[in-house]
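Student: Return atomic coordinates for the entry below.
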Amino acid sequence: MDILSIIGLIVGFGAILAGQVLEGGHLDTIMNSVALLIVLGGTVGAVMLQTPLDTFIKSLKMLVWVIKPPHSSAAQTLDKILEWNQIARKEGLIVLESIAMDEEDVFTQKGLQLISDGAEPEVIREVLETDLDIQEANAIQAAKVYEAMGGYSPTIGIIGAVLGLIHVMGNLADPSSLGSGIAVAFIATIYGVGLANLLFLPIGNKLKTLVGRVSTNQMMLIEGLVGVANGDNPRNIESRLQAYLH
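Tutor: All right, here's what the predicted structure looks like:
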């Protein structure tokens, strides 16, 4: 679990709420369901319009990464590669086929299967790098969905503000309705800017960082698998992959 994300959410929203109270305001004055509906509904709708369905679904699945990042330990990957190399040198490359079946990661399965099938090292590299490029591009596009939300949210907040002012101007003869209209106007702007800078943009940037880490780990895996296919000495493989540990 990424405790820093949880702390960041608490600190970010907590600081704003605490500031409201310290300035003598009340929390219920900045709670407005209508303004929230306008900002969230408009933002999500705009993003759904610009995003392909598969990318949008992938972005929802990746959201959990903010709290529970994908496991990508370079040290564990190195240990696995060295173990596979030892097995392949002793028992032959064909043995890696049974190991591939036990691996949960599809990318790793494909690499081991290519080795056991006797593919040339450069072919293995080319195939896996192509897969990696496509996976990384798709993941980055999914992460950018939240960046798009961060771009639309403040503008939708302004639309909410204008709607609130329209409501106010249309009911000048009824003073009792002026307060709610003005509240929606100002609170919608706060929601739009606040959600963009405290939630959507940070989520988008964090996801892109995590995608980069996963890609780096897979690059390490490619280098290791090519070394296994070449029958390289374990020390040479370990020396070549040491840089990924840092």
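Student: which residues of this structure score low on pLDDT?
Tutor: 171-181, 183-184 (pLDDT under 70).
Student: Would you mind giving the domain segments of it?
Tutor: What the record gives for the chain is the domain set 1-31, 33-245, from automatic domain parsing.
Student: Pick the most buried one from the ones you listed.
Tutor: domain 33-245 (a mean of 17; mean count of other C-beta atoms under 10 Å). C-beta coordinates here come from the backbone N, C-alpha and C atoms, glycine included.
Student: got the end-to-end distance for that one?
Tutor: From its first residue to its last, domain 33-245 covers 48 Å (C-alpha to C-alpha, to the nearest Å).
Student: same question, stretch 20-33
Tutor: 18 Å.
Student: next one: phi and psi at residue 24?
Tutor: Torsion angles at residue 24 (phi, psi; degrees, to the nearest 10) stand at phi 90, psi 10.
Student: With residue 104 instead?
Tutor: phi -80, psi -30.
Student: Now do it against residue 3, distance only.
Tutor: Using C-beta to C-beta, to the nearest Å, we find residue 104 at a distance of 25 Å from residue 3.
Student: same deal with residue 208?
Tutor: Counting by C-beta to C-beta, the gap from residue 208 to residue 3 is 20 Å.
Student: just the strands in the chain please.
Tutor: For the chain, applying DSSP state E gives no strands.
Student: where do the helices sit along it?
Tutor: 3-22, 33-50, 53-62, 74-91, 96-102, 106-116, 121-169, 178-195, 201-230, 234-241 (DSSP state H).
Student: Contacts only, for the residue positioned nearest the centre of the chain.
Tutor: For the chain, the residue sitting closest to the mean C-alpha position, by C-alpha atoms, centre = their mean, is residue 207 at 2.5 Å. Contact analysis of residue 207 by C-beta atoms under 8 Å, 6 or more residues apart in numbering lists 62, 65, 66, 139, 142, 143, 146.
Student: ok, 7 Å please
Tutor: Residue 207 makes contacts with 62, 65, 143, 146, as judged by C-beta atoms under 7 Å, 6 or more residues apart in numbering.
Student: Spatially nearest residue to the second one, not counting backbone neighbours?
Tutor: If I follow you right, that is residue 65. Using C-beta to C-beta, 6 or more residues apart in numbering and skipping the chain neighbours, the partner closest in space to residue 65 is residue 210 (5.3 Å).
Student: What spatial separation is found between that neighbour and residue 73?
Tutor: 14 Å.
Student: What of residue 12?
Tutor: In terms of C-beta to C-beta, residue 12 sits 29 Å off from residue 73.
Student: again, but for residue 205
Tutor: Distance from residue 205 to residue 73, by C-beta to C-beta: 23 Å.
Student: got it, and residue 22?
Tutor: 43 Å.
Student: any idea how far residue 148 lies from residue 79?
Tutor: From residue 148 across to residue 79, the span is 39 Å (C-beta to C-beta).
Student: now swap in residue 239 and tell me
Tutor: In this view, residue 239 and residue 79 are 15 Å apart by C-beta to C-beta.
Student: same deal with residue 66?
Tutor: 28 Å.
Student: try residue 40
Tutor: 45 Å.
Student: Please apply the same query to residue 152.
Tutor: Distance, residue 152 to residue 79, using C-beta to C-beta: 45 Å.
Student: same thing with residue 73?
Tutor: Between residue 73 and residue 79 the computed distance is 9 Å (C-beta to C-beta).
Student: again with residue 160
Tutor: 53 Å.
Student: next one: residue 157
Tutor: Residue 157 sits 50 Å away from residue 79, taking C-beta to C-beta as the criterion.
Student: ditto for residue 193
Tutor: For residue 193, the distance to residue 79 - C-beta to C-beta - is 47 Å.
Student: can you check residue 11 too?
Tutor: Using C-beta to C-beta, residue 11 is found at 37 Å from residue 79.
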